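1. dropping a prediction and its sequence here:
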Number of protein chains: 2
Amino acid sequence: MSRGDRRPTLETVAALAGVSRATASRVINDQPVAPPSRRAVERAIAEVGYVPNQAARSLVTHRTGLIALVLPESSTRVFSDDQFFPRLIQGVSQELETADEQLVLMLAGSATSRERIERSAVAGRVDGVMLASLHGTDPLSGALAKSGVPVVSNERVLGPVEVPSIGVDNRGGARAAVEHLIATGRRRIATITGPSDMIAGMDRLDGYLEAIEGAQEPVVASGDFTRASGEAAMTRLLAEHSGVDGVFAASDLMAEGALHVLRQNGFRVPEDVALVGFDDITRAAHTDPPLTTVRQPVDGIGRHLASQLLSLIAAEPVEPAITLTTELIIRDST
Amino acid sequence: MSRGDRRPTLETVAALAGVSRATASRVINDQPVAPPSRRAVERAIAEVGYVPNQAARSLVTHRTGLIALVLPESSTRVFSDDQFFPRLIQGVSQELETADEQLVLMLAGSATSRERIERSAVAGRVDGVMLASLHGTDPLSGALAKSGVPVVSNERVLGPVEVPSIGVDNRGGARAAVEHLIATGRRRIATITGPSDMIAGMDRLDGYLEAIEGAQEPVVASGDFTRASGEAAMTRLLAEHSGVDGVFAASDLMAEGALHVLRQNGFRVPEDVALVGFDDITRAAHTDPPLTTVRQPVDGIGRHLASQLLSLIAAEPVEPAITLTTELIIRDST
DNA sequence: CTGAAAGCGCTTACAG
DNA sequence: CTGAAAGCGCTTACAG
């Protein structure tokens, strides 16, 4: 079929099969139809290469078959060497495989793009949206939720609106990391934090503080989850706090950065300074020395995000918040 | 508005403004309307928070306002530390900013996902699709083109169908790189190739062969653009070909891998072995030593992809193929 | 400039 | 099991 030809409609198919549009529609939607009619319709569909017009369908069913994963980051941050998003997407895709929904990614880096996305969702262009990696009290979640589109988020959402969320036990994971450092004899344990406007950043810091409390004086250097920020933070720790012999970095990437700086400055890991990361990205097992870290089930977050959203779309009850467990993976950096 | 409430329709707005649906529609679509009517409608829209139903609109206009960027890769490869995709997306977004189109990313990693995407496009879910990073004679381009959806591709498309494409001068870039190595006195220049089923891989190898022809015996080690493949290839070169004093790697990532292996084996760059990459990713300027490389305008590819597609959608004539120039950036690795 | 009406291509009670 | 008919929410000639 070349461009400009009219695509065949249900009408075409029905006429060719010698049945009504209603019957043709029923075989397409897998509803009971007498076998001979069914066969005739199927033959007609194959013959003309019929594909239902999605707009017409959506107009009556109020479903589009599209689910959006909105990433409120610029493309550069989304496609960084942090393996969070690919793993998340893998989990989401896995869950969506069976559902008849197509995943679309929308990047909400700029103001105009977020506005466009908000309007898209409200205009009924998608059946639901998953929000990931929100910063601060991002108004996007509120706007979407208020408009009536089903929304779910990873990590709990800050702000007035309630959005079902899937998080991990950031606090418990961080606590386990720090307790491990304490248990292995470290006397001066610092932390390199994530962004202070993200749940994952806030909660991992809280976990550190809870564990360190009463035992040692807290030493905090802030970062933003990136390797560069880990390097900068470690450099500052070395310059401003002597005697640090243990570091809990709130991401593996920052831990890598810290490791690099430590070695450049002649510190042995773990002999002089023990190091724990968070995430358990693939490379964590291949650093030198392999990195002790807190594993979080990123694909699990993805799967739960998708299944919760699917439930929401089906108007089924959902958990207001799910927290997945984290696990301390002990390697050679501690 | 809570979930379950009926969203207001044009009818609601028209009634409230005391005009017909046609008039209300006209103000929404920015067509001439008497100022008083316009004001009344605008007030009504604001009052009820009206947003046009996209499905109804699409049904009559045959436009969805959605443009797909289809990436025929698993999410892991798309989100690698190769900065190709983010830069491409940046260019695309830039161009789309003014057009009233929302960019959606679709990952076509698995067989079921490509089938779903194909059906989506044919069903008229998107106004057009951009294909990037195709492998071999991927049937996706053919299927889409045949269905009548406007399609464009980065790099020319292998196979029977004609799809407008935007590529870069891979061959010329590679030639310039190798000629530079020859001109600076390298006597035994090897290449580390990209995937043999991708245009970028094939053409950069051709450029190398063209330049080396007659002057030296070609030495070829194959890779797939990733850092790991660059390491492996360099290791093989060292083991199997003595005397190599120059290397042209078809990607900066592979060049980085090669650099790593060279230094581990005690070779100095550029004194013992000169090295040229391809891409000019950000890190190329920060390796030790900074990498000589062939810069390709990835954001330019993105911008042209989008503008060509927009033209195609508007039924305007487009170039069948555009080739952007590359530029040799000389740094300290040669 | 404006409105009545047709039509886009489907699905879904409803009646048989 | 099947068909006639209504309706989803818009846009757009057409006539005025």
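-> Now that the structure is in, tell me what you want to look at. Quantities reported herein were computed from a predicted structural model and do not represent experimental measurements.

2. any idea of the mean pLDDT in the helix ranked longest in chain A?
-> Longest among the helix segments of chain A by residue count, using DSSP state H, is helix A:298-313. Averaged across helix A:298-313, the pLDDT comes to 95.

3. one more: stretch A:41-51?
-> Mean pLDDT, taken over the full extent of stretch A:41-51, equals 93.

4. how far off centre is whichever helix or strand comes after the longest helix of chain A?
-> Beyond helix A:298-313 in the direction of the C-terminus, DSSP states H and E gives the next helix or strand as strand A:321-324. Remark: strand A:321-324 is offset 13 Å from the chain centroid, using C-alpha atoms, centre = their mean, to the nearest Å.

5. any residues touching strand A:321-324, and which ones?
-> Residues lying outside strand A:321-324 but in contact with it, judged by C-beta atoms under 8 Å, 6 or more residues apart in numbering or on different chains, are A:156, A:164-169, A:296-297, A:300-301, A:304, A:308. Placement of C-beta: from N, CA and C, glycine included.

6. likewise for stretch A:214-223?
-> A:182, A:187-194, A:196, A:205, A:208-209, A:212, A:229-230, A:232-234, A:236-237, A:241, A:244, A:249-251, A:254.

7. tell me which stretches of the stretch 51-200 of chain A form strands.
-> Chain-ordered strands for the stretch 51-200 of chain A, with DSSP state E, counting those that start in this stretch as the definition, fall at A:66-71, A:102-107, A:128-131, A:151-154, A:165-168, A:189-193.

8. so what's the residue nearest to A:Gln296 when sequence neighbours are not counted up against?
-> What sits nearest to A:Gln296 in space, not counting adjacent residues and going by C-beta to C-beta, 6 or more residues apart in numbering or on different chains, is A:Val168, at 4.5 Å. For A:Val168, the contacting residues are A:Gln296, A:Pro297, A:Ile301, A:Thr323, A:Leu324, A:Thr325, A:Thr326, by C-beta under 8 Å, 6+ apart.

9. ok, of those, which come out buried?
-> In those, burial by neighbour count holds for A:Gln296, A:Pro297, A:Ile301, A:Thr323, A:Thr326, counting by 16 or more other C-beta atoms under 10 Å in any protein chain shown.

10. reformat these as TSV; add distance to B:Leu71.
-> Conversion of the buried ones among the contacts of A:Val168 to TSV gives the following (distance: C-beta to C-beta, whole Å):
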residue	distance to B:Leu71
A:Gln296	26
A:Pro297	25
A:Ile301	22
A:Thr323	32
A:Thr326	31
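
11. for chain A, what lies in contact range of DNA strand D?
-> A:19-23, A:26, A:32-34, A:36-37, A:56, A:59-60 (C-beta under 7 Å from any atom of the strand).

12. what about 6 Å?
-> Proximity of chain A to DNA strand D is assessed by C-beta under 6 Å from any atom of the strand, with A:Val19, A:Ser20, A:Arg21, A:Ala22, A:Thr23, A:Pro32, A:Val33, A:Ala34, A:Ser37, A:Leu59, A:Val60 identified as the residues in range.

13. one step back: which of the buried ones among the contacts of A:Val168 sits closest to A:Ala68?
-> A:Ala68 has its nearest neighbour among those in A:Ile301, at 16.6 Å by C-beta to C-beta.

14. list the contacts for the closest one?
-> For A:Ile301, the set of contacting residues under the criterion of C-beta under 8 Å, 6+ apart consists of A:Leu88, A:Gly91, A:Asn154, A:Ile166, A:Gly167, A:Val168, A:Leu324.

15. ditto for A:Asp332
-> Applying C-beta under 8 Å, 6+ apart as the definition, the contact partners of A:Asp332 turn out to be A:Pro270, A:Pro289, A:Pro290, A:Thr292.

16. all strands for the stretch 201-334 of chain A, in order.
-> In chain order, the stretch 201-334 of chain A shows strands spanning A:219-222, A:246-249, A:274-279, A:292-295, A:321-324, A:327-329, with DSSP E, counting those that start in this stretch as the criterion.
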